[in-house]
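Kindly return the folded structure for what I paste below:
(chains A, B, C and D)
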Number of protein chains: 4
Amino acid sequence: MKVGICTGGGDCPGLNSIIRAVVRHAAQFENVELWGIKDSFNGLMSEPYGVRKLDCETVSGILMKGGTILGTTNAGNPFSLKNPGGGDPEDKSQKVIKAYQELNLDGVIVIGGDGTQGIAYELAKLGMNIVGVPKTIDNDLASTDQTVGFDTAVEVAAEAIARLQTTAESHERAMVLEVMGRNAGHIALHSGIASGAHVILLPEIPFSYEAIIQKLDERKQRGKHHSVIVVAEGAYPKGGEESFKVSSGRKNLGGVGHMVAEELFQRTNIETRVTVLGHIQRGGVPSHVDRALGTAYGVKAMDLVMEKKFGTIIALKGGRLTEIDYQDVAGKFRPVPADDLYLQAAKGVGICLGQ
Amino acid sequence: MKVGICTGGGDCPGLNSIIRAVVRHAAQFENVELWGIKDSFNGLMSEPYGVRKLDCETVSGILMKGGTILGTTNAGNPFSLKNPGGGDPEDKSQKVIKAYQELNLDGVIVIGGDGTQGIAYELAKLGMNIVGVPKTIDNDLASTDQTVGFDTAVEVAAEAIARLQTTAESHERAMVLEVMGRNAGHIALHSGIASGAHVILLPEIPFSYEAIIQKLDERKQRGKHHSVIVVAEGAYPKGGEESFKVSSGRKNLGGVGHMVAEELFQRTNIETRVTVLGHIQRGGVPSHVDRALGTAYGVKAMDLVMEKKFGTIIALKGGRLTEIDYQDVAGKFRPVPADDLYLQAAKGVGICLGQ
Amino acid sequence: MKVGICTGGGDCPGLNSIIRAVVRHAAQFENVELWGIKDSFNGLMSEPYGVRKLDCETVSGILMKGGTILGTTNAGNPFSLKNPGGGDPEDKSQKVIKAYQELNLDGVIVIGGDGTQGIAYELAKLGMNIVGVPKTIDNDLASTDQTVGFDTAVEVAAEAIARLQTTAESHERAMVLEVMGRNAGHIALHSGIASGAHVILLPEIPFSYEAIIQKLDERKQRGKHHSVIVVAEGAYPKGGEESFKVSSGRKNLGGVGHMVAEELFQRTNIETRVTVLGHIQRGGVPSHVDRALGTAYGVKAMDLVMEKKFGTIIALKGGRLTEIDYQDVAGKFRPVPADDLYLQAAKGVGICLGQ
Amino acid sequence: MKVGICTGGGDCPGLNSIIRAVVRHAAQFENVELWGIKDSFNGLMSEPYGVRKLDCETVSGILMKGGTILGTTNAGNPFSLKNPGGGDPEDKSQKVIKAYQELNLDGVIVIGGDGTQGIAYELAKLGMNIVGVPKTIDNDLASTDQTVGFDTAVEVAAEAIARLQTTAESHERAMVLEVMGRNAGHIALHSGIASGAHVILLPEIPFSYEAIIQKLDERKQRGKHHSVIVVAEGAYPKGGEESFKVSSGRKNLGGVGHMVAEELFQRTNIETRVTVLGHIQRGGVPSHVDRALGTAYGVKAMDLVMEKKFGTIIALKGGRLTEIDYQDVAGKFRPVPADDLYLQAAKGVGICLGQ
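As a prediction, this is how the structure comes out:
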């Protein structure tokens, strides 16, 4: 039996834990070969194929290493591949299918987020045997309670907030931290609660400056002249939703953090400082949670392959690992729900959510 | 309205996060006073009462502090209080009830593990209005999927294992790490998986030295002359269960770790070294998970008090916070179940569980 | 005896360690009172004076806390105080002297960097008894081998670089990290070496893009398609020195990091990403080095006060604490010297310094 | 040119940083080959020789890895090698010299502590060209201001102390932490100061229980019922020096920590708990200081080889790297001197040193 494995989309901590677990679990079965595919699906589109056999020795020592030993890319959609020579993107999906057949793969384990799993679903429709493993630091996949990578991202963000607290207090400033989260505010919410942020702004709740300023005023009245404001990169002000989304195009620009800081300074004359946490959230040694969860995901993925439960994606639901059909999760994502445990917690301790 | 709050049993990271959340959430209601009770229930048995009013200022800055600002003790069972003058223990439960009445408390939030919640249940039967909040680094309470304190303990243990790996490898030794867990092996299991332990011994699975030695032999055949063995303090060898449990009395002595190391050395002549992690697992800055979870627990506890849902203990079940009647969980605890997600993961990547 | 103490300039990790040590050491002498002055020298210019008595209880628990319990400000120069009503800055130095006399202070311990110590020197000339304690995360004070705050800043920067390494590798990108250091590149140099940066750009060495690109090309030839580039905020390209310095005005804007990333992308088409580490470097729990060094500095400062060695600033020189006259260090700072141990180390392992 | 490199004695964090720097620096010279020798000098005594060529690819990714890729042992003294068949140890030094000649080595870089450097000195007398690099977590080598490995050990110990503080406070206990340091108390002293220990016991200062108890009493009078006591494994009570040293033989047994805890409990009835930190101090990811210092040491070692300055050991003196003749440091070690900066600091903040 010959099984492929690839990682797609932005890298995140814990990918190697998954890969290692798949390979080690495969070694417990007879006649199973694992083949790593380079850079998302690119290894199946290149000449020669970018694939290599993986064994226990290959994955030795990678459990605590960030990133992915298989490489990854955000630009590897076979159905719409960027044309290096310019011009329209091309559909290379048949090339992928052909490679899959030529390499005699019996299945492919696809580790990725929303975008990658969407591609995997389309390839599954074309006949590839696929088992998906959810990963994203944003934790916004519909299929699962917790994605691999999320815990580490929160850890990094929470430490950054804690560091900003002391500067905020010593200088009596409002420190703004922009964290990742375009469509969902899980990182901002968890890290903000964990490190005592005073304001948390999420994509799920359009914010008003008045609400923020009221919070700062209340604090001032209690003699607290500093504050820490955590902003998810996808947060936006109430009302200005459409124009903001259209005009910003703020990829990697830390747009909303700087905007909030500037606006608060203009309106209140409070000294503000901005930090955009950026890529630090997605690299480095995975947390113990992501290493253990990644291991569990990897073992389960290999089990699903052995059971030939293809066309499914792994899901952690209520503390159990199960699988869900691709068609049941395709295109769905999981913003912070209105009755979220941590949303209630944030309100309960008086954190301003911009409302 | 006057509400008491206390922490009982061994301290653990995240207690202050709970206390802070309770106090801050209480401040959102009118006419609610929070009173901290010192050292488990001792503050209700002392003369004068060991109680003090808590407000937002009192709990300022404690979110990231380990331990408990209320103090705690393992020796505060009112039904069987150690007699300082020697002699038989005394039943002081009526004194607690009297204090509860004299202080005009409308309810008490009791943060504690198995022992403390058992006492709380008995006091509830005597008429006290109690809401319980589960905590223990061991994560072995029946009521809830995850206790506050567990994540930090795993973090500390996982880092220790990672540090031992490099020494094991450089010196070609078998390094043994004894971690906490008298009745349940959650800490050993999670930390062991997270940091690549080769053997994990749990109280749930009596181990055989033959199985361990076979694992070491297999590794040797693959050119790996080192190993890391994680042992929960409550683990014991197959067959010797009763005599071992009786004879050891190994409270804080790190008995099983040294025993395993010695026995392996005697049988295989492999160089072994033992580390007993001890109290480091239960102190210090709580992890971001315990800070956030503790905050959620604290808010929920205060909500239950406001809703007068007394005689209950908080539970995290399938990602939601709910409450359970004391009678439904009393005396029950939660060892690692046979179908545990992480037990499967450990087996799947070839970790020896002593079988 | 009555001694004042204040912290000036940007906050940094370890200030509280110094304050705590001063207060605790003072408690070992009879009849010594410590008075904390709020927000640099502002507490001596306000009405009423912003001062408070400090004792061992006040400083209990602050050893591991970032920031400064005394508060600080970058805008507290008594010789040129910003006029809140607009208009020219005012000279309030005589007000400070008057306060010093009215409060019957016998001396003031001034903890601060270059700017603050310059002010202290001027106040000393006007008759104040001053002992200076050097601090700055930049480690660029002429008086001392190592300033309090530096080690923590390097720790934070080194961890960020380590995190970026894995993303760089997985995505085959050039990751640019801008760290603090306007006039000296100590942070960039130490953190870059510690975490395996491939290029380090310092204010001391104007860089050429050609040199950087050559380095990236060499790596590519060895099959390494990723790199991590650490840039001190004060670094600038060769030749463009003057215009760059004039035109940038890049206070807190992360100018040079983005500039380098953009230019490299334009010239080589390599995918680049920028992170500006910012204030995270100057807050949070101080490293063990800064806590121990801060303690040693604090004890020495109090000793100098008792010995009436005023008009001096503490210096760590060759592993010993001594003092230096203000006049011998005033206005001098310490860039990375050409024969620096770590500069040699960087060259020795093949790190490109932009030359 | 052919250069050997080996690591001897106990492993410590930063060894790989040194090895990596040596190899990378060697690559900057033409015709230099680096050969790694396995397990101290054992690779020169085995059949066939345990050696392998090292290049930049071999050392890729090891900067942040604890331990040593060359392996090490405490049982590799060629002048007195343990006889595996029993019987008297053998002198295999001529075998080492023969291997050195047969392998055509032009020099060997020996990374090690006191014991290993002593062996190296003897081998140098027999004609081997040796450059020594000092390493030991204990920081007690006479030649240098700071050994590679020390900073990481202090980091681990300081974090452990910080964790114990909160448990001590919550339970009103005296927590005893035994750290490494047989002949010198640098680790205990630095970590104790950094994390606010109340008592620090060093091998350099025989302690009296009366002094410790007096300290605890003073604290009690100020309402502080908890304390943290850091004990170097080589500390011993006043007067009992000889008998204690003879009778203990407490290798890896954590003898003195348990002894102190028991004695304090017997004399004062204060609840005590002991933790023996053990091997955790010597493994795992090296601190940024050890990674940078290790890199500097490695570059310097290779420079000394190129300059043919054999028979020397590297020394960091007053912030500069230099070399010292073996004969000037042989058999000398560096306990904490009476006028040590940090010893003064400890006294200055009121830490009890057992006197």
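
List the buried residues in stretch A:49-65.
Within stretch A:49-65, the residues scored as buried using 16 or more other Cβ atoms under 10 Å in any protein chain shown are A:49, A:50, A:51, A:54, A:56, A:58, A:59, A:62, A:63, A:64, A:65. (C-beta placed from N, C-alpha, C; glycine too.)

my bad, stretch A:322-334
Buried residues in stretch A:322-334, counted by 16+ other Cβ under 10 Å: A:323, A:324, A:326, A:329, A:330, A:334.

Now do the domain split for chain A, please.
A:2-148+A:286-328, A:152-283 (automatic domain parsing).

Can you lay out these as TSV showing mean pLDDT?
TSV is the format used below for these (pLDDT from 0 to 100):
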stretch	mean pLDDT
domain A:2-148+A:286-328	94
domain A:152-283	90
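
now those domains in JSON lines, with distance to chain B?
Formatted as JSON lines, the domains of chain A follow (distance: least, Cβ to the nearest Cβ, whole Å):
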{"stretch": "domain A:2-148+A:286-328", "distance to chain B": "3"}
{"stretch": "domain A:152-283", "distance to chain B": "4"}
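
Which one, of those domains, ends up nearest to residue D:36?
Closest of these to residue D:36 is domain A:2-148+A:286-328, at 17.7 Å (criterion: Cβ to Cβ).

Is chain C within reach of that closest one?
Yes: interface with chain C: domain A:2-148+A:286-328 contributes A:7, A:10-11, A:13, A:15, A:65-68, A:71-74 (Cβ under 8 Å from any Cβ of the partner chain).

for the lengthiest helix in chain A, packing partners?
When chain A is parsed with DSSP state H, its longest helix is helix A:150-171. Secondary-structure packing of helix A:150-171 (3 or more Cβ pairs under 8 Å, 6 or more residues apart in numbering or on different chains; DSSP states H and E): strand A:174-179, helix A:186-194, strand A:227-232, strand A:272-276, helix A:288-306, helix B:288-306.

Remind me what the next helix or strand after the second one packs against, helices and strands.
Read that as helix A:186-194. Past helix A:186-194, further along toward the C-terminus, the next helix or strand under DSSP states H and E is strand A:199-201. When contacts are defined as 3+ Cβ pairs under 8 Å, 6+ apart, strand A:199-201 sits against helix A:186-194, strand A:227-232.

related to what we said a few turns ago, pipe the residues of domain A:2-148+A:286-328 next to chain C into JSON lines and attach secondary structure per row.
Listed next are the residues of domain A:2-148+A:286-328 next to chain C as JSON lines, based on DSSP: H, G, I helix; E, B strand; the rest coil:
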{"residue": "A:7", "secondary structure": "strand"}
{"residue": "A:10", "secondary structure": "coil"}
{"residue": "A:11", "secondary structure": "coil"}
{"residue": "A:13", "secondary structure": "coil"}
{"residue": "A:15", "secondary structure": "helix"}
{"residue": "A:65", "secondary structure": "coil"}
{"residue": "A:66", "secondary structure": "coil"}
{"residue": "A:67", "secondary structure": "coil"}
{"residue": "A:68", "secondary structure": "coil"}
{"residue": "A:71", "secondary structure": "coil"}
{"residue": "A:72", "secondary structure": "coil"}
{"residue": "A:73", "secondary structure": "coil"}
{"residue": "A:74", "secondary structure": "coil"}
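
right, and the pair among those with maximum separation?
Spatially, the most separated pair among the residues of domain A:2-148+A:286-328 next to chain C is A:65 and A:74, at 20.5 Å (Cβ to Cβ).

Can you tell me which of the residues of domain A:2-148+A:286-328 next to chain C are classed as buried?
Buried, going by 16+ other Cβ under 10 Å: A:7, A:10, A:11, A:13, A:15, A:65, A:66, A:67, A:68, A:71, A:72, A:73, out of the residues of domain A:2-148+A:286-328 next to chain C.

For residue B:256, see how far away the residue sitting furthest away from the middle of chain A is.
Here chain A reaches farthest from its C-alpha mean at residue A:221, the gap being 38.8 Å by Cα atoms, centre = their mean. According to Cβ to Cβ, to the nearest Å, residue A:221 and residue B:256 sit 57 Å apart.

again, but for residue A:219
Going from residue A:219 to residue B:256 by Cβ to Cβ gives 51 Å.

Look at the two and report which has more neighbours.
The neighbour comparison of residue A:219 against residue B:256 (other Cβ atoms under 10 Å in any protein chain shown) goes to residue B:256, with 25 against 18.

quick check: angle from the helix or strand hosting the more buried one to strand B:272-276?
Here residue B:256, judged by DSSP H and E, is contained in helix B:255-268. Angle of helix B:255-268 versus strand B:272-276, following axes from the mean of the first three to the mean of the last three Cα atoms, to 10 degrees, is 180 degrees.

Point out the residues in the stretch 201-350 of chain A that sit beside chain D.
Counting by Cβ under 8 Å from any Cβ, the stretch 201-350 of chain A sits next to chain D at residue A:285.

Tell me how many other residues surround residue A:222.
Look at residue A:222: counted by other Cβ under 10 Å, it has 10 neighbours.

how far away is it from chain D?
Separation of residue A:222 from chain D (Cβ to the nearest Cβ, to the nearest Å) stands at 27 Å.

Pull the contacting residues for residue A:133.
A:18, A:109, A:110, A:111, A:112, A:148, A:297, A:298, A:301, A:313, A:314 (Cβ atoms under 8 Å, 6 or more residues apart in numbering or on different chains).

Check which helices and strands the one helix or strand the first one maps to sits against.
Meaning residue A:18. If you go by DSSP H and E, residue A:18 is part of helix A:15-26. Applying 3+ Cβ pairs under 8 Å, 6+ apart, one finds that helix A:15-26 makes contact with strand A:2-7, strand A:33-37, strand A:107-112, helix A:288-306, helix B:341-348.

Can you add distance to residue D:228 and give those back as a markdown table?
Listed next are those as a markdown table, based on distance: least, Cβ to Cβ, whole Å:
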| stretch | distance to residue D:228 |
| --- | --- |
| strand A:2-7 | 45 |
| strand A:33-37 | 49 |
| strand A:107-112 | 45 |
| helix A:288-306 | 26 |
| helix B:341-348 | 34 |
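
Stretch A:85-98: which residues count as buried?
Going by neighbour count (16+ other Cβ under 10 Å), the buried part of stretch A:85-98 is A:92, A:93, A:95, A:96, A:97.

wait, which of those is closest to residue B:355?
residue A:96 (42.7 Å).

ok so that closest one is a helix residue?
Yes: assessed by three-state DSSP, residue A:96 belongs to a helix.

Using just helix, strand and coil, how would you label the nearest residue to residue A:132 once chain neighbours are set aside?
Take residue A:132 and drop its neighbours on the chain: the residue closest to it by Cβ to Cβ, 6 or more residues apart in numbering or on different chains is residue A:313, 3.5 Å away. Classification of residue A:313 using three-state DSSP returns strand.

what's residue A:52 in contact with, if anything?
For residue A:52, the contact set (Cβ under 8 Å, 6+ apart) comprises A:35, A:36, A:38.

Quick check: end-to-end length of stretch A:125-133?
17 Å (Cα to Cα, to the nearest Å).

List the buried residues of it.
Buried residues in stretch A:125-133 (16+ other Cβ under 10 Å): A:128, A:129, A:130, A:131, A:132, A:133.

Out of the residues you listed, flag the one nearest to chain D.
Closest approach to chain D among the buried residues of stretch A:125-133 (Cβ to the nearest Cβ): residue A:133, at 24.8 Å.

tell me the angle the helix or strand where the closest one lies makes with helix A:288-306.
Using DSSP H and E, residue A:133 sits within strand A:130-134. For strand A:130-134 against helix A:288-306, the angle by the same axes, to 10 degrees is 170 degrees.

Listing partners with orientation, what would you give for strand A:130-134?
strand A:107-112 (parallel), strand A:312-317 (parallel) (DSSP bridges).

how far is that strand from where the chain is centred?
Relative to the mean C-alpha coordinate of its chain, strand A:130-134 is positioned 15 Å out (Cα atoms, centre = their mean, to the nearest Å).

repeat for stretch A:89-108
Distance, stretch centre to chain centre, for stretch A:89-108: 26 Å (Cα atoms, centre = their mean).

residues in contact with that stretch?
By Cβ under 8 Å, 6+ apart, stretch A:89-108 touches A:1-6, A:35, A:37, A:41, A:44-45, A:49, A:51, A:78-83, A:122-123, A:126-131, A:305, A:308, A:310.
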